[in-house]
Every structure is written in C-alpha cells, then in structure tokens.
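Undergrad: my questions are about this predicted structure, shown below with the sequence.
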Amino acid sequence: MSNDTTSRAAAPASTPASGSPAGGPAVGGPSVGSQPVGGGDGSVSKETRRRVITASFIGNFVEWFDYAVYGYFAAVISSVFFPETDRQTALLATFGVFAVSFFIRPLGGFIWGHIGDRMGRRKALSLSIVIMSLATFCIALVPGYGSIGVWAPILLLLIRVVQGFSAAGEYAGASAFLVEYAPANKRGLYAAVVPASTAAGLLLGSLIAALLSTVLSADQLHEWGWRLPFLLAAPMGLIGRYIRTKLEDTPAFRALAAEEETVKAPAFAMFKTYRKQLVIATGAVLLNAVGFYVILSYMPTYLSEELHFGAAESFLATTIALASYIGFIFLTGIASDRFGRKRMLITASLLFITLTVPAFMLLDTGNFLVIVLIQILLGGMLTLNDGTLPSFLAELFPTRVRYSGFAVSFNLSNALFGGTAPFMATLLIGLTHSKLAPGWYLVAASLVSLIAVLFAAETSRKPLRHE
C-alpha cells in the first residue's frame, strides 16, 4: 500500500508491540475496543483492492483446478492407480481416495485458522498456496499400479491428504481477506470472487480434460496424457504466492493486532463463545458442500458412467454449465448485498428441495440440449448459495476468530459430506439401482441447510465486529 494511503488511515488506539503480527499501522475504520472494523471507510486504495482480488482469485483457482482435473479424469486415474477389478469398484476406490483427503480438512481448518487469526491472513494464505501447488505437481510424477504396485495408491492417498490439509485454509482465508478489505456495502460482491475462482479452476480443468480427450487416443490418455494438467499447478502456485507476499494484511486484522487483541488460542475462544454461530455455519455449508461436488465435479462422471454419454460430450456439457455459473455468481453477490444473505440462502435451499429430483429425471432423457439446460439450471440455483455463503460465514464471526470459525465450519461440513459426495452418489446408485439417488441426497442436504439458516441473524447490513 502506498505511503499516502497509509497516512490517511485512522491511527490505531495503541502502538503494536515489537514483533507484532500487525506489521504496521491499522488501515481501516474505527477499531477501539469492540467497535466495528474493516476496509470500508475509503482508506484502502482501489489499486490495493484490485491486487487483493487477484491474489485471492489465483489461490482458489489453483486449488480447484486440481480438484477438477482429478474428478474429470477419475475413470482414467482409477485404471492407473488401482488393480484391474470391475469398473465400479475401481471408480469407488478413486472417489474413496478423493473423500479420504477431505478427512484431514477439519484439522487443517483448526491449524490454518490459528495461523490466520493469530499471525495474520496473509501469512496463512501465502503458505497454503505453496503446499497445495507442490502437492498437485507431485501427482503427475507418481508411477502407476503397473510399475510400483500397491505403493501407487498409497502415494496418491498421501499426496491427496497433503492437498486436503492445504486446501483447508484457502477458501476460508481468501473469503476473510476479501470481506475485510471490501467496502462495507459490497462485501457480498467481493466475497463472490472466491466461488467464482473455484468455478474458473473447474472450468479450465474441464476445458483441458475435453481437449485431451479429443486430441489423444485412449491409450495416450491413460499412459501420460492425464498427467499434463497436474504439471501446471507449480508455476500457477508460485505466481499466486508472489502476488500475496506483496500485499499487507487486512485493515481489520492489523487494527486488532495493533491493539494486541489477537487471541492466543482462537479455536478455544470460538468454541467457548461462538458455539451457536459454529453450528449454524456448519449446517449452512451443507448444501454448498454436497451441491458443489455433485453438480460441478461429479456430473461428468455421472453423465458418462450412468447415462453413457461420451467423455467429450460430458465435459462439454459441464464446461457450458460452469461458464454460466461464473456469470451468475457475481449477480448473486450483488443481490446478497441488496436483499441480504439470509434471504438468498433460504431461496437456494427451497429451490433445491423442490427442483432437484425433477431435474435429475430430465437428465435421463438422453437429449444433449436438455442435459446442458438442466446443468445450467442446477448451477444457477447453486450460485444463490455459493455466491452468498462466503460473505455470510465471514460476517457471522468477529475478527479475532473469523478465520477459525469460517475454516472449521466450512471444512467440517465439506469433510463429512462434500468430499464424500461423489463416493456417496456412486454408492447410492449401486445400492438403490436408481439414477435419481444423487438428487435425493442433494435434497436432504438442502433441508439441513434450510433449517440452519432459519436460525441465523441477517449479517449483510451490520458492520464487521471486532469481538
């Protein structure tokens, strides 16, 4: 941030102690005691906010590009890393590895939350993107089952666990970073950058998967083609880290640190004082967790394995849906600033409860145009939740435990229900012999989210709280 911008900032109530994570004077609104703080008072330059948006976008983009590629190449990866068995068993094993990597995320949420609330948002985000990008790069280097036997799935699992750990800090940290830098009346729009970046990562993954599936033969794709996208993670991650290290921490965090009010044990403070918010947040995330992975990650596999569409057609349908999703997500962010977070989240839950199963019925028509339109519809419905959730969760918790509250609730729900969604969808279809099983699973998640949000207070028109 430029010196002239800093000089216009409100002076902190006290000078930070030596070695304080503040790293400089507070650059935000009033920050005395329990008064509101944030970046919405005009003291943060437009150039700084643009760099904040770019840095937040890139980190999530890299993370979800990896998840996209893994999901879209699940059928190929299952044949590379697992012994020859029946197709569904190998696919279940691949999605099982995908799910197990999520079980580390609640632990990651505690650790990254501690770093972010104790030492700063920037420090946590700069470190998490390095771990994620290097782990993703390593997937491209692991030999297959035919070369090293059982070590192939073991190494794959270990790498996925490392990815899950690093991912636990990315979504929550980027959301808190954006919300704390955003103008007070545009927090929903700024936070919508986070789900937009996840969709952009998925979109690029889908495009690359479609391209490779088209230009390479099946043998080439199985032998080496699927590895190419994972190699891109390292350079993208390094670019993201470089941008993040050039930013100061958020005005809200620096104001907190300047007053020496950061807590030594954020997770303990969260459980002691904000248990209700934690329960509401965990429940509210459920629709996002299941919906995101069923609609945007698992769907190509569903179309190819259950409805017997070609791989290229499946990727194309999902690519079109993702492109529309990115456009819708920013409109949702704007709408949540105008109409409120609670109203948007309730609307999303009600739409999924009533329309999901009929939508899955229409997918079975076999008409490609109908499938594309249904995916656009489901993606548009999902944006009502996804575009609102980051600002809602960030506003639900005060500055001193914001990172921890967001990270723990988001990752706990995703670990239990999000990462397992492709596995559960495949398993439920096998148990029930019904292609509608994933739709009913999504309806159940929507009911839980609806109940949780009904107990929440509206947060959009309230200033960010210090404590």
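TA: Nice, I can see it. Computed from a predicted structure; not experimentally measured.
Undergrad: element containing the residue most central in space within the chain?
TA: Central residue of the chain (CA atoms, centre = their mean): Y171, 4.6 Å from the mean position. For Y171, the host element (DSSP states H and E) is helix 151-181.
Undergrad: average model confidence for that helix?
TA: The average of the pLDDT scores along helix 151-181 is 88.
Undergrad: next one: stretch 241-253
TA: 84.
Undergrad: what residues sit buried inside that stretch?
TA: R241, I243, R244, L247, E248, D249, T250, P251, A252, F253 (16 or more other CB atoms under 10 Å). C-beta here means a position set from N, CA and C on the backbone, and glycine is covered the same way.
Undergrad: can you classify the fifth one as helix, strand or coil?
TA: The reference is to E248. What DSSP: H, G, I helix; E, B strand; the rest coil gives for E248 is coil.
Undergrad: any regions of this protein where pLDDT drops low?
TA: Filtered on pLDDT under 70, the chain yields the residue ranges 1-43, 71, 85-88, 90-91, 98, 311, 465-467.
Undergrad: and the strands in it?
TA: With strands called from DSSP state E, the chain shows none.
Undergrad: list the contacts for the residue nearest to the centre of the chain?
TA: N60, E63, V194, T198, P390, F410 (CB atoms under 8 Å, 6 or more residues apart in numbering).
Undergrad: same question for S413.
TA: Counting by CB under 8 Å, 6+ apart, the residues that S413 touches are T282, G283, V285, L286, N288, A289.
Undergrad: what of P153?
TA: By CB under 8 Å, 6+ apart, the neighbours of P153 are F81, F82, A93, V97, Y145.
Undergrad: swap in 7 Å and give it another go.
TA: F81, F82, V97, Y145 (CB atoms under 7 Å, 6 or more residues apart in numbering).
Undergrad: got JSON lines for those residues, with distance to R341 and neighbour count too?
TA: Shown next, in JSON lines, are those (distance: CB to CB, whole Å; neighbours: other CB atoms under 10 Å):
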{"residue": "F81", "distance to R341": "41", "neighbour count": "25"}
{"residue": "F82", "distance to R341": "42", "neighbour count": "22"}
{"residue": "V97", "distance to R341": "35", "neighbour count": "24"}
{"residue": "Y145", "distance to R341": "47", "neighbour count": "18"}
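Undergrad: pick out the most distant pair among those residues.
TA: Within the contacts of P153, two members stand farthest from each other by CB to CB: V97 and Y145, at 12.6 Å.
Undergrad: list the buried residues of the helix holding Y171.
TA: For helix 151-181, burial by neighbour count (16+ other CB under 10 Å) applies to 152-153, 155-156, 159-181.
Undergrad: try stretch 233-242
TA: Here stretch 233-242 shows A233, A234, M236, G237, I239, G240, R241 as buried, counting by 16+ other CB under 10 Å.
Undergrad: inside helices: which ones of these?
TA: Residues of the buried residues of stretch 233-242 located in helices (DSSP state H): A233, A234, M236, G237, I239, G240, R241.
Undergrad: let me know the closest of these to G225.
TA: Distances from G225 to those, taken by CB to CB, are shortest for A233, at 16.3 Å.
Undergrad: which non-adjacent residue is nearest the closest one?
TA: T136 (3.5 Å; CB to CB, 6 or more residues apart in numbering).
Undergrad: tell me how far that neighbour lies from V162.
TA: Note on T136: its distance to V162, by CB to CB, to the nearest Å, is 9 Å.
Undergrad: could you do T420 as well?
TA: According to CB to CB, T420 stands 19 Å off from V162.
Undergrad: repeat that for E305.
TA: 28 Å.
Undergrad: still on that earlier bit, so the residue nearest to A233 touches L232, yeah?
TA: No: counting by CB atoms under 7 Å, T136 sits too far from L232 to count as a contact (8.6 Å).
Undergrad: quick one, which of those two is more surrounded?
TA: T136 (29 against 20; other CB atoms under 10 Å).
Undergrad: dump the residue contacts of the closest residue to D117 other than its chain neighbours.
TA: Sequence neighbours aside, P266 is the residue nearest to D117 in space, at 3.8 Å (criterion: CB to CB, 6+ apart). Each residue near P266 by CB under 7 Å, 6+ apart is listed here: G113, H114, D117, R118, R400, V401, S404.
Undergrad: try 8 Å
TA: Contacts of P266 (CB under 8 Å, 6+ apart): G113, H114, D117, R118, R400, V401, Y403, S404.
Undergrad: ok, the closest residue to the fourth one other than its chain neighbours - how many residues close by?
TA: Counting by CB to CB, 6+ apart, R118 lies nearest to T262, which is 5.7 Å off, once chain neighbours are set aside. One way to gauge burial is a neighbour count; for T262, by other CB under 10 Å, it gives 19.
Undergrad: my guess is T262 contacts D117, does it?
TA: Yes: T262 lies in contact with D117 (CB atoms under 8 Å); the separation is 6.7 Å.
Undergrad: need the overlap of contacts for those two.
TA: What both T262 and D117 touch, as defined by CB under 8 Å, 6+ apart, is the set R400.
Undergrad: which residues does the nearest residue in space to T54 that is not next to it in sequence contact?
TA: The shortest distance from T54 to any residue other than its chain neighbours is 6.0 Å, reached at I243 (CB to CB, 6+ apart). Counting by CB under 8 Å, 6+ apart, I243 touches R51, T54, A55, I58.
Undergrad: got the contact list for A267?
TA: F110, G113, H114, V401, S404, V408.
Undergrad: what's near enough to touch the residue nearest to the last one when sequence neighbours are not counted?
TA: What that stands for is V408. Of all residues not flanking V408 in the chain, G109 sits nearest, at 4.4 Å (CB to CB, 6+ apart). Each residue near G109 by CB under 8 Å, 6+ apart is listed here: A168, G169, A172, S404, A407, V408, F410, N411, L412.
Undergrad: take those residues and write them to a markdown table, including distance to G188.
TA: Formatted as a markdown table, these follow (distance: CB to CB, whole Å):
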| residue | distance to G188 |
| --- | --- |
| A168 | 24 |
| G169 | 22 |
| A172 | 17 |
| S404 | 22 |
| A407 | 20 |
| V408 | 22 |
| F410 | 17 |
| N411 | 22 |
| L412 | 23 |
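Undergrad: taking those residues together, which two end up most distant?
TA: G169 and L412 (13.8 Å).
Undergrad: F102 reaches G419, doesn't it?
TA: Yes: using CB under 8 Å, F102 makes contact with G419 at a distance of 2.7 Å.
Undergrad: any common contacting residues for these two?
TA: G164.
Undergrad: contacts for stretch 218-237, please.
TA: 58, 61-62, 65-66, 69, 73, 76-77, 79-80, 129-130, 132-134, 136-137, 139-140, 205, 208-209, 212-213, 216.
Undergrad: where along the stretch 251-400 of the chain do the helices fall?
TA: Secondary structure of the stretch 251-400 of the chain (DSSP state H, counting those that start in this stretch): helices at 251-258, 266-273, 275-291, 299-301, 311-339, 341-363, 368-386, 389-396.
Undergrad: so which of these gets nearest L454?
TA: Among the helices of the stretch 251-400 of the chain, helix 341-363 sits nearest to L454 (CB to CB), with 7.1 Å.
Undergrad: burial count for P463?
TA: When counting by other CB under 10 Å, one arrives at 14 neighbours for P463.
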